[in-house]
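Trainee: Generate a structure from the sequence data that follows.
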Amino acid sequence: MERLVSFLRVPLVLLLLVRCVAIHVGGHGVGEQPLSKIAIHRALYAIHDNASIKAEPVLLGIKGEDSQWITVKIDSPGPSEDDWVAVFSPAKFNSSTCPSDDEPRQQTPYICSAPIKYKFANDSTADYTKTGKASLKFRLINQRSDFSFALFSGGLSNPKLLAVSNTIAFVNPKAPLYPRLSQGKSWNEMTVTWTSGYNVIEAMPFVEWGLKGESQSQSPAGTLTFSRNSMCAPPARTVGWRDPGFIHTSFLKELWPNSLYTYKLGHRLFNGSYIWSKSYYFKSSPYPGQDSLQRVVIFGDMGKAERDGSNEYSNYQPGSLNTTDQLIKDLDNIDIVFHIGDITYANGYISQWDQFTSQVEHIASTVPYMIASGNHERDVPGTGSFYDSNDSGGECGVLAETMFYVPAENRAKFWYSTDYGMFHFCIADSEHDWREGSEQYRFIENCLASADRQKQPWLIFAAHRVLGYSSTQWQDGSFGEPMGRESLQKLWQKYKVDIAFFGHIHNYERTCPIYQNQCVNKERSHYSGTVNGTIHIVVGGGGSHLSEFGPVQPNWSVYRDLDFGFVKLTAFNHSSLLFEYKKSSDGKVYDSFTISRDYRDVLACVHDGCEPTTLA
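Mentor: Numbering: from 1, shown residues only. Okay, the predicted model is just below:
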């Protein structure tokens, strides 16, 4: 009790800097970031002598774990079904942590940051409302700081703080964690990005790596971070702010193709000692044009979820863990992953990025995890995003650009190309202008034109928003972004793009090979011969709430599925490609087709797909 008095000293009202409005989630249909539901500005200081909350174990990660299950026991003298438990990190969340430029307030202390997750007290104990006693399980990950738990009554709308727990912490909160691989700017370069609590003034970051079973070398890493002032709007700039730690990236160069490498993350402290991560491995990329088995996974809009059943998992991201787990299960048969926008749905709650990188660690530490920018990463009014909304919750691209590496010339302009064996990928940024005459349009044309189709026959375009075709009910069935088709369709046709992938719409849909709203091939399961149209795929069912289709299925819509899932492409050789749509619930194939053709089929002239000729 003495600790509680010192923690929350004077007044009776806790004030939050801002009540964040419900944020538009996903593309379509209204969702709400679960942390934004907490109206903690209305919270009353109501510490009760007979209410208690206790968390154990107190010391986490004793055996080197970066996540651990926690038991939280609560005892309330006046239990109610809307009592809830919040997890705060850092553990001390009173007014002493408020930024110095905070608005003057009449009462103190304040809570200046949202919790990182929460659970209702009766989630685990059915008779809590009768006994006032409950035991809840939480899964915590190492996030560079300590944790405490708070018991509130009054629900999320009118919370009353009843008790604050003891503090718990990981043995080494600063440990290097959650590596994510990415293709570098050349085919034989792999980048490794990770998060730690070590600034460069206290430790030098590096990666120790080499061919499996052979001598290892060390490559230095660069270090980035950002401050609250880098955020563009609430809640990222206010209650959603949390120190992101330090993000390190190392470039592993001159890799041998198709070779297995091992690596581990290191920090050399200035006292001469070393801090090490566990060991990881990856397989290097094939040489561009190499004829071998190559497998690509593509999806969008996955978000994060909680394995302990707390807020997001129960109510917000029902498919996220299923998608993650299916990819992990099939990881030996996956070479590279593309997550095309709407990565975490953190929406300005910075703590959620750590939780996402932890969730995908097993995937992203093993194969390149390539991302694209979506509205929930970039969009803030008045910041140069193409769409005038605050879907990113004030992040304005900073989190995505810093937490993940992509081989873009300018990571603030999130468009890039990358090669993987027989595939050439052109990844656009739908949150910046892509219309004819724009800087990005010039990039897209150059990227498509640079594909050597004799060596890389499979040309893939991807962007977050549907710049092609969709029959979702969104916007009265306007079929995606009409401006996208008007501006980009002639490029897809001219350069004979095989498949264009999009997220944003939370479902799955496949079109026929299409040009100017018309099917150019009536086949459904096998395509061969001339490339006279592009197949468009909406694959936005990675995990966020689903988007209903419109009442009419256009004749160009070959297959639709209102469920969570992802796509897998398998290139067997230069003339044979397998496309599979798999559901996240069971990993089984529900839609598929094959493409077979020769190089001369790519060269063949089609409508709007060849340069003028002359007999001279």
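Trainee: what's residue 428 sitting at in phi/psi?
Mentor: Note on residue 428: backbone dihedrals following degrees, to the nearest 10 are phi -100, psi 160.
Trainee: Bridged to the closest residue in space to it that isn't next to it in sequence, which residues?
Mentor: Leaving aside its sequence neighbours, residue 428 sits nearest to residue 463 (Cβ to Cβ, 6 or more residues apart in numbering; 3.9 Å). To be clear about C-beta, it is placed using only N, CA and C from the backbone, and glycine gets the same treatment. Beta bridges link residue 463 to residue 502 when assigned by DSSP bridges.
Trainee: measure residue 463 to residue 518 for me?
Mentor: Distance of residue 463 to residue 518, given as Cβ to Cβ, to the nearest Å: 22 Å.
Trainee: more crowded one of these two?
Mentor: Higher neighbour count among residue 463 and residue 518: residue 463, with 31 against 11, using other Cβ atoms under 10 Å.
Trainee: okay, the host helix or strand of residue 491 in CSV with CA atoms only?
Mentor: Counting by DSSP states H and E, the element that carries residue 491 is helix 482-494. Output of helix 482-494 as CSV, limited to C-alpha atoms (Å, rounded to 0.1, in the frame of the first residue of the first chain):
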residue,chain,number,x,y,z
PRO,A,482,-10.6,3.8,-61.1
MET,A,483,-7.8,6.3,-61.4
GLY,A,484,-5.4,3.4,-60.9
ARG,A,485,-6.6,1.5,-63.9
GLU,A,486,-6.7,4.7,-66.0
SER,A,487,-3.1,5.5,-65.2
LEU,A,488,-1.4,2.1,-64.9
GLN,A,489,-3.3,-0.3,-67.1
LYS,A,490,-1.5,0.6,-70.2
LEU,A,491,1.8,0.0,-68.4
TRP,A,492,0.7,-3.5,-67.3
GLN,A,493,-0.4,-4.2,-70.8
LYS,A,494,2.7,-2.8,-72.6
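Trainee: Tell me the pLDDT of residue 3.
Mentor: Per-residue pLDDT puts residue 3 at 42.
Trainee: Residue 363 now?
Mentor: 98.
Trainee: Spatially nearest residue to it (excluding sequence neighbours)?
Mentor: residue 327 is the one closest to residue 363 (Cβ to Cβ, 6+ apart), at 5.3 Å.
Trainee: What residues does that neighbour make contact with?
Mentor: Contacts for residue 327 (Cβ atoms under 8 Å, 6 or more residues apart in numbering) come out as 297, 334, 337, 363, 566.
Trainee: related to what we said a few turns ago, the residue nearest to residue 428 is in contact with residue 374, isn't it?
Mentor: No: applying Cβ atoms under 8 Å, one finds residue 463 not in contact with residue 374, separated by 9.2 Å.
Trainee: what's the burial count for the nearest residue to residue 608 once chain neighbours are set aside?
Mentor: Sequence neighbours aside, residue 493 is the residue nearest to residue 608 in space, at 4.9 Å (criterion: Cβ to Cβ, 6+ apart). Neighbourhood size, residue 493 [other Cβ under 10 Å]: 21.
Trainee: Model confidence for residue 493, exactly?
Mentor: 96.
Trainee: And for residue 515, the neighbour number?
Mentor: Counted with other Cβ under 10 Å, residues neighbouring residue 515 total 19.
Trainee: next one: phi and psi at it?
Mentor: Main-chain torsions, residue 515, degrees, to the nearest 10: phi -150, psi 130.
Trainee: what sits against it?
Mentor: Applying Cβ under 8 Å, 6+ apart, we find residue 515 in contact with 489, 492-493, 532-534, 607-608.
Trainee: cool, and residue 356?
Mentor: For residue 356, the contact set (Cβ under 8 Å, 6+ apart) comprises 303-304, 343-344, 346.
Trainee: quick one on the thing from earlier: quickly list what's touching both of residue 463 and residue 374.
Mentor: 340-341, 430.
Trainee: quick one: which of the residues you listed is nearest residue 459?
Mentor: Ranked by distance to residue 459 (Cβ to Cβ), the shared contacts of residue 463 and residue 374 are led by residue 340 at 16.0 Å.
Trainee: could you list every residue that touches that closest one?
Mentor: 298-300, 371-372, 374, 427, 462-464, 501-503, 539.
Trainee: Tell me the one of these nearest residue 48?
Mentor: Residue 48 has its nearest neighbour among those in residue 374, at 44.0 Å by Cβ to Cβ.
Trainee: Wait, that closest one touches residue 430, no?
Mentor: Yes: contact criterion Cβ under 8 Å: residue 374 and residue 430 qualify, at 7.4 Å.
Trainee: Pull up the overlap in contacts between these two.
Mentor: Taking Cβ under 8 Å, 6+ apart as the criterion, residue 374 and residue 430 both touch 341, 464-465, 504.
Trainee: How about the contacts made by residue 590?
Mentor: Going by Cβ under 8 Å, 6+ apart, residue 590 touches 561, 565, 581-583.
Trainee: Show me the shaky parts of the stretch 51-200 of the chain.
Mentor: Residue ranges of the stretch 51-200 of the chain with pLDDT under 70: 94-110.
Trainee: Tell me where it has helices.
Mentor: Taking DSSP state H, counting those that start in this stretch, the helices of the stretch 51-200 of the chain run over residues 128-131.
Trainee: residue boundaries of the strands in it?
Mentor: Shown for the stretch 51-200 of the chain, the strands assigned by DSSP state E, counting those that start in this stretch span residues 52-56, 59-60, 67-75, 84-88, 117-120, 133-141, 148-153, 160-164, 169-170, 177-183, 190-196.
Trainee: same deal with the stretch 251-400 of the chain?
Mentor: Using DSSP E, counting those that start in this stretch, strands in the stretch 251-400 of the chain cover 260-269, 274-283, 294-299, 336-340, 369-372.
Trainee: Packing partners of the last one?
Mentor: The elements that strand 369-372 packs onto, with contact taken as 3 or more Cβ pairs under 8 Å, 6 or more residues apart in numbering; DSSP states H and E, are strand 177-183, strand 336-340, strand 423-427.
Trainee: Listing partners with orientation, what would you give for the longest one?
Mentor: I take that to be strand 177-183. strand 190-196 (antiparallel).
Trainee: residues in contact with the partner strand?
Mentor: So strand 190-196 is in contact with 144, 174-184, 205, 207, 209, 221, 244-252, 255, 261, 263, 265, 267, 277, 282, 284-285, 354, 357, 368, 403-405, going by Cβ under 8 Å, 6+ apart.
Trainee: Dump that strand to PDB, restricted to CA.
Mentor: Extracted in PDB, the C-alpha atoms of strand 190-196 (Å, rounded to 0.1, in the frame of the first residue of the first chain):
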ATOM      1  CA  MET A 190      20.800  -9.800 -47.500                       C
ATOM      2  CA  THR A 191      20.000  -7.200 -44.900                       C
ATOM      3  CA  VAL A 192      19.300  -8.000 -41.200                       C
ATOM      4  CA  THR A 193      17.300  -5.500 -39.100                       C
ATOM      5  CA  TRP A 194      16.700  -6.000 -35.400                       C
ATOM      6  CA  THR A 195      15.700  -4.000 -32.300                       C
ATOM      7  CA  SER A 196      17.600  -3.600 -29.100                       C
END
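Trainee: Check which element follows that strand along the chain.
Mentor: Using DSSP H and E, the helix or strand that follows strand 190-196 in sequence is strand 203-211.
Trainee: Could you tell me the angle between that next one and strand 260-269?
Mentor: Strand 203-211 and strand 260-269 are oriented at 160 degrees to each other (axes from the mean of the first three to the mean of the last three Cα atoms, to 10 degrees).
Trainee: neighbouring contacts of strand 203-211?
Mentor: Strand 203-211 is contacted by residues 176, 192, 196, 198, 216-221, 223, 246, 248, 250, 252, 256, 259-270, 275 when judged by Cβ under 8 Å, 6+ apart.
Trainee: Near residue 80, how many residues? Count them for me, please.
Mentor: 15.
Trainee: mind checking how far it is from residue 37?
Mentor: In this structure, residue 80 and residue 37 are 17 Å apart, going by Cβ to Cβ.
Trainee: quick one on the thing from earlier: any idea which of the strands of the stretch 51-200 of the chain gets closest to residue 440?
Mentor: The minimum distance between residue 440 and those falls on strand 177-183, with 19.9 Å, by Cβ to Cβ.
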